[in-house]
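Asker: Got a predicted structure here, sequence first:
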Amino acid sequence: MAQRSATDSSRLKAVLGPTNTGKTHLAIERLCAHSSGMIGFPLRLLAREVYDKVCAIKGPDKVALITGEERIEPKHARYLLCTAEAMPVGADLAFVALDEAQLGADRERGHIFTDRLLHARGREETMLLGSATLEPIVKALLPACEIVSRPRFSTLSHAGAKKLSRIPPRSAIVAFSAEQVYAVAEMLRRFRGGAAVVMGALSPETRNRQVALYQQGEVDYLVATDAIGMGLNLDIDHVAFAGLSKFDGVRQRRLTTSEMAQIAGRAGRHQRDGTFGTLAGSGSYDAEFSAEEVYAIEEHRFPPLTRLFWREAEPDCGSLAALIADLSRPPERKELAPAPEAIDLAVLRRLAEDPELVAGVRGEAQVRRFWHVCSLPDFRQHGAETHARFVARLWQDLRHGQLGGDFVARAIAELDNPSGDIDTLQMRISAIRTWSYVAQRPDWVLAREEMAARARAVETRLSDALHARLTERFVNRRTSVLMKKLGPDAGLLPVRLVEDEVQVDGEPIGHLAGFRFRVDPQARHADRKLLLAAAERHLPELRARRAEALLASLADDSTALALDGPRLTWDGEALATLEAGRNLLHPKVTLDPALAGLAADCRQRLVHALEQWLERALAPLAALRRIDAAAGEAAAGPELRALLIRLTEAGGLLERAGSGLDRLSKDQRERLRRLGVRVGALDLFLPDMLKPSALAAWRTLLGARHLPLPTPVPAMPPVVATPGKSATPPGYRRLGKQAVRLDMAEKLLRAAHEARLAGRGKPFVIDPALAISTGLNTASYAWLLRLAGFAASPARLLPEGAYGPPQPARWRWRPPRREAEAPRAIVTPALSGSAFAALAGLVR
């Protein structure tokens, strides 16, 4: 078939220049200035982006979006935004533009762009947008075309090689394999909080959402393949190449200087300068720019394109042979080169060799329909052989009519599964894009609009899931926030304390336990230093607010402070430590190191408030403090003062033997009684110091002096304890395996003395009922009586053969000369039978 000739009735203009020169913006302005128009783009996502902009200007009822996978066509639409493949070339429109026209030199899609460059025309104006390398070929093919050069508004300069850790924020790192993209993104996640990921294999929706992560500042880095070089307008300051070679579908080759410039040109925006360089230590043998390449990129000097790829756009569909021959025919002009075999032609050749499959492909309509099926894009990137098998199955269903709605619905439903990893979701998205394309064809599917809507909905769900997986894997929002704000503007970072959780810009970084910051336990080890550094910048203000709140609660005595040994705790967290003061009963309060960052005035007020709280907490020691005060009075006399000092140091519980009590005068003994000291048979003690609260407070004071701590006393201490081999609890007297509380011991001994006095100097009987009711066993009771100087004659048993209880023993008492030399005693309580005999035997 003869080549179509271009219509030259409209004004034809080529706007050429490097990237970031506002060419697309100019095309949008010209489109909106006309009564109707169309722009063809190289990417669906770019068509969608411009569609949204034009809708905002003209209204959605006047704007259409036409791509292979999505069609939004209002009835009265006058402005069309399309992919280059989907452009209705014969449409009667006032304005037509083609973006990235230099893609006519692309091996895979070049023939499409060349056809649009030659034949897509507007009634009033046609505009070709592209690189300056296109100028010679445009002049040769379209002599009447006006050439308009657009200079770059900003400077692009080479910055050399940088390590990944030295790459500045707002940078893009470009790699040329998915594996390398993932590796770089993972390193950035670890050290810089993560990166957005952009690859050609991602769906347009996922790419847009990843780009939004970067554009909105949630991450400062973008890791991409060479897909970044086209159709993405980003705020990038620096572009770092992880390599300078790629596989172009045929072989591994070094990038051309034009391709390098296309990617590097994404750095800088409008009048803001940009830089480019390489990634040091990437391991690539060709990861350095030559001096010639740097000069060409910085000065925008590239070899001009000499040929564009061409293939017949309207081939002869009289027969399969004629179709293949026409698609393989070389161009007639020297400026055009035959296009390399694209995948649609490769599939056509393979299927044409299957006589059973193509047996019914007769006539122009069937051949054209067969060719359209073979032109199905290989979204899954499986290659010609695998893609041909899928197309063959599709043709078998289409050759006699349309695909049923149930069949297409089942195929779409099988892919509606948002679970799986990144690779699995990418494969599902590629597959659903295939069904989106199929559903958009007007003569392929019954219930086309419904199936197309279902396919779009599934693609959206899968894209959302893929975006979430990419974000989970490659973005650490917390670290990203901190890295962005650890510079001079750290003070501007919004920091909040939600209950005990510290949040930086909405991201939790740890907990403020009391006044001590604890890093989130789920944070990686590599992140801990970073989180601590960020916390130290922002915690002083939070600690100051918390200190003021604590002072207010201390004032009204509503705070939950507690004494834990020598530590003063707040909600279980250390607040201060009690250390040795002027004496044992007056410790010094030392704030925990976590409060060191508070202002000096705040610390002083807090120490004073804690000292007042401590006074209230140590109120159970009031009796002991009276003893301590009396020990300093000269009027008490040296003997009494010495005893009071010993009593104070013993916590108000002192053994009578060796206490110096016998050296006190009658007046001193009276003074001792008025101080509340009870003088017992065996011990001197303050009854108030036997209370659990007083004993707990005493333990606290001993801990403040780092002295050995006595055994803790339970909240409800028993009258008789069984410490076993453990130390004797304070306030108890040890009686073998048991211990009796001092006040109960005195009560038992008082009862024994009352029995002695009732005997008027004669032998007497002691009733053990009271001792037994307290829980003392006979051996322990005997021990107590022996310590107090009681002794008894052996039990008198009945004569042999006689029956009845034994006769009660007669008891005697003599005051012990010294506690350590108590007389050997025999206790004969008023017991009967074997119990009486056992007790007598224990104390004999």
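Answerer: Cool, got the structure. Numbering: from 1, shown residues only.

Asker: CA only for contacts and neighbour counts going forward, please
Answerer: Will do.

Asker: Give me the buried positions along stretch 742-755.
Answerer: Counting neighbours by 16 or more other C-alpha atoms under 10 Å, one finds that the buried residues in stretch 742-755 are 742, 743, 744, 745, 746, 747, 748, 749, 751, 752, 753, 755.

Asker: mind giving me a markdown table with these and columns for secondary structure and pLDDT?
Answerer: Conversion of the buried residues of stretch 742-755 to a markdown table gives the following (DSSP: H, G, I helix; E, B strand; the rest coil; pLDDT from 0 to 100):
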| residue | secondary structure | pLDDT |
| --- | --- | --- |
| 742 | helix | 88 |
| 743 | helix | 89 |
| 744 | helix | 89 |
| 745 | helix | 88 |
| 746 | helix | 90 |
| 747 | helix | 89 |
| 748 | helix | 88 |
| 749 | helix | 88 |
| 751 | helix | 85 |
| 752 | helix | 84 |
| 753 | helix | 85 |
| 755 | helix | 80 |
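
Asker: which one's the longest strand in the protein?
Answerer: Counting by DSSP state E, the longest strand found in the chain is strand 573-583.

Asker: contacting residues for residue 182?
Answerer: Going by C-alpha atoms under 8 Å, 6 or more residues apart in numbering, residue 182 touches no other residue.

Asker: Go ahead and list the helix or strand containing it.
Answerer: Using DSSP states H and E, residue 182 sits within helix 178-192.

Asker: That helix - what's its average pLDDT?
Answerer: Mean pLDDT, helix 178-192: 83.

Asker: Tell me the confidence at the nearest residue to residue 191 once chain neighbours are set aside?
Answerer: Excluding its sequence neighbours, the residue lying closest to residue 191 (C-alpha to C-alpha, 6 or more residues apart in numbering) is residue 165, at 7.5 Å. At residue 165, the model reports a pLDDT of 81.

Asker: Make sure residue 165 is indeed in a strand.
Answerer: No: going by DSSP: H, G, I helix; E, B strand; the rest coil, the assignment for residue 165 is helix, not a strand.

Asker: And it, how close does it get to residue 64?
Answerer: Residue 165 is 45 Å from residue 64, where distance means C-alpha to C-alpha, to the nearest Å.

Asker: And for residue 684?
Answerer: 102 Å.

Asker: Residue 317 now?
Answerer: 30 Å.

Asker: One more: residue 635?
Answerer: Residue 635 is 108 Å from residue 64, by C-alpha to C-alpha.

Asker: out of the two, which sits in the more crowded spot?
Answerer: residue 64 (24 against 11; other C-alpha atoms under 10 Å).

Asker: buried set for the helix or strand where that one lies?
Answerer: In the assignment (DSSP H and E), residue 64 maps to strand 63-66. Buried residues in strand 63-66, defined by neighbour count with 16+ other C-alpha under 10 Å: 63, 64, 65, 66.

Asker: Output the helix holding residue 182 in PDB, but only the C-alpha positions, please.
Answerer: Presented in PDB, the C-alpha positions along helix 178-192 are these (Å, rounded to 0.1, in the frame of the first residue of the first chain):
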ATOM      1  CA  ALA A 178      14.800  -4.600  39.300                       C
ATOM      2  CA  GLU A 179      17.300  -6.300  41.500                       C
ATOM      3  CA  GLN A 180      19.500  -3.200  41.700                       C
ATOM      4  CA  VAL A 181      16.500  -1.000  42.300                       C
ATOM      5  CA  TYR A 182      15.500  -3.100  45.200                       C
ATOM      6  CA  ALA A 183      19.000  -3.300  46.700                       C
ATOM      7  CA  VAL A 184      19.500   0.500  46.500                       C
ATOM      8  CA  ALA A 185      16.000   1.200  47.900                       C
ATOM      9  CA  GLU A 186      16.700  -1.200  50.800                       C
ATOM     10  CA  MET A 187      19.900   0.600  51.700                       C
ATOM     11  CA  LEU A 188      18.100   3.900  51.600                       C
ATOM     12  CA  ARG A 189      15.400   2.600  53.900                       C
ATOM     13  CA  ARG A 190      17.900   1.600  56.400                       C
ATOM     14  CA  PHE A 191      20.000   4.700  56.500                       C
ATOM     15  CA  ARG A 192      17.800   7.500  55.100                       C
END
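
Asker: what about the strands in the stretch 351-500 of the chain?
Answerer: 495-498 (DSSP state E, counting those that start in this stretch).

Asker: do the stretch 701-844 of the chain as well
Answerer: 720-721, 732-735, 738-741, 790-792, 811-813.

Asker: which of those sits most buried?
Answerer: strand 790-792 (a mean of 24; mean count of other C-alpha atoms under 10 Å).

Asker: Could you confirm residue 173 falls within a helix?
Answerer: No: according to three-state DSSP, residue 173 belongs to no helix; its state is strand.

Asker: Could you double-check that residue 594 lies in contact with residue 513?
Answerer: No: Residue 594 is not in contact with residue 513 according to C-alpha atoms under 8 Å; the separation is 10.2 Å.

Asker: State the mean pLDDT of the host helix or strand of residue 323.
Answerer: Per DSSP H and E, residue 323 falls inside helix 320-328. Confidence for helix 320-328, expressed as mean pLDDT, is 93.

Asker: Turn the strands of the stretch 701-844 of the chain into JSON lines, including mean pLDDT and distance to residue 182.
Answerer: JSON lines is the format used below for those (pLDDT from 0 to 100; distance: least, C-alpha to C-alpha, whole Å):
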{"stretch": "strand 720-721", "mean pLDDT": "78", "distance to residue 182": "68"}
{"stretch": "strand 732-735", "mean pLDDT": "87", "distance to residue 182": "71"}
{"stretch": "strand 738-741", "mean pLDDT": "88", "distance to residue 182": "72"}
{"stretch": "strand 790-792", "mean pLDDT": "73", "distance to residue 182": "91"}
{"stretch": "strand 811-813", "mean pLDDT": "63", "distance to residue 182": "95"}
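
Asker: Put together a markdown table for these, with distance to residue 444 on each row.
Answerer: Putting the strands of the stretch 701-844 of the chain into a markdown table (distance: least, C-alpha to C-alpha, whole Å) gives the following:
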| stretch | distance to residue 444 |
| --- | --- |
| strand 720-721 | 93 |
| strand 732-735 | 98 |
| strand 738-741 | 97 |
| strand 790-792 | 116 |
| strand 811-813 | 120 |
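
Asker: Pull the contacting residues for residue 85.
Answerer: Contacts of residue 85 by C-alpha under 8 Å, 6+ apart are 67, 68, 112.

Asker: If you rank these by neighbours, which is first?
Answerer: residue 67 (24 neighbours).

Asker: Would you agree that one is in contact with residue 86?
Answerer: Yes: Residue 67 lies in contact with residue 86 (C-alpha under 8 Å); the separation is 5.5 Å.

Asker: In the stretch 551-700 of the chain, where is pLDDT below threshold?
Answerer: The stretch 551-700 of the chain contains residues with pLDDT under 70 at 557-559.

Asker: Please tell me how far the residue nearest to residue 720 when sequence neighbours are not counted sits from residue 336.
Answerer: In this structure, residue 720 finds its nearest non-sequential neighbour in residue 740, 4.5 Å apart by C-alpha to C-alpha, 6+ apart. Plainly put, residue 740 is 112 Å away from residue 336 if you go by C-alpha to C-alpha.

Asker: ok so, going back, check contacts around the residue nearest to residue 720.
Answerer: Residue 740 sits next to 719, 720, 721, 732, 733, 734, 776 when contact means C-alpha under 8 Å, 6+ apart.

Asker: how does it look with 7 Å?
Answerer: 719, 720, 721, 732, 733, 734 (C-alpha atoms under 7 Å, 6 or more residues apart in numbering).

Asker: In JSON lines: those, plus distance to residue 205.
Answerer: Below are the contacts of residue 740 laid out as JSON lines (distance: C-alpha to C-alpha, whole Å):
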{"residue": "719", "distance to residue 205": "78"}
{"residue": "720", "distance to residue 205": "78"}
{"residue": "721", "distance to residue 205": "76"}
{"residue": "732", "distance to residue 205": "79"}
{"residue": "733", "distance to residue 205": "82"}
{"residue": "734", "distance to residue 205": "82"}
